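Engineer: Structure for this input, please:
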Amino acid sequence: MDADNYKNDSQTEMLWAIKAHHHAETYFKLISQVDASRLHLTKYDDDIYRQFKRYFKTLKVDVIKVDDLKSEAAKLKWRPFCNMYEGKIDEFNFATLLRIDCSKGYEEENTILVTRIQFYAVEIARNRRGLNKPLLEKSSDTQLGAQDTQER
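Structural biologist: Numbers count the residues shown, from 1 in each chain. Purely as a prediction, here's the structure:
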């Protein structure tokens, strides 16, 4: 279909938003309940991480600068990286929600829209560097506090 003739369909956009929200919610529950440094998000995690380090040596992943993903210069840099995973990663270019600051949850002010492969690249890096571990510890502390309250 010619992109110039394509019109946004509100029902399609709503379905996308539901799917993206469900993905974010599921991922956040997962990293809040298991040691994320041991997670494998895809069968290509090792390759994604190796290529990510090669393409984006200096990119800070604990707190993302939106321009590092969204500026025109960044898009030019990301495009060849992302396209390496076409045909390998299902829905590699599907819109996905990414937390800007990995120490926080998916609040509106802490979320940006990226492609699925960008999400994987950043989150695999965060997981391997132990940056998501505080979420597990925070979740454990909350569960212990709730358990203590119930026992009283």
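Engineer: show me the contacts for His21.
Structural biologist: If you count contacts by C-beta atoms under 8 Å, 6 or more residues apart in numbering, His21 has them with Leu97. Placement of C-beta: from N, CA and C, glycine included.
Engineer: can you map out the strands along the chain?
Structural biologist: 95-99, 111-115 (DSSP state E).
Engineer: so which of those strands comes closest to Val122?
Structural biologist: Using C-beta to C-beta as the measure, strand 95-99 is the one of the strands of the chain that comes nearest Val122, at 6.1 Å.
Engineer: roughly how far is that closest one from the heart of the chain?
Structural biologist: Centroid separation between strand 95-99 and its chain, computed with C-alpha atoms, centre = their mean, to the nearest Å, is 5 Å.
Engineer: repeat for stretch 65-84
Structural biologist: Averaging C-alpha positions (C-alpha atoms, centre = their mean) puts stretch 65-84 15 Å from its chain's average.
Engineer: any idea which of the strands of the chain is most buried?
Structural biologist: Ranked by mean neighbour count, the strands of the chain are led by strand 95-99 with a mean of 21 (mean count of other C-beta atoms under 10 Å).
Engineer: then that one to PDB, C-alphas only?
Structural biologist: The C-alpha trace of strand 95-99 is given here as PDB (Å, rounded to 0.1, in the frame of the first residue of the first chain):
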ATOM      1  CA  ALA A  95       6.300   0.300  18.600                       C
ATOM      2  CA  THR A  96       7.300  -0.500  22.200                       C
ATOM      3  CA  LEU A  97       7.300   1.400  25.400                       C
ATOM      4  CA  LEU A  98      10.700   2.000  27.100                       C
ATOM      5  CA  ARG A  99      11.400   3.400  30.500                       C
END
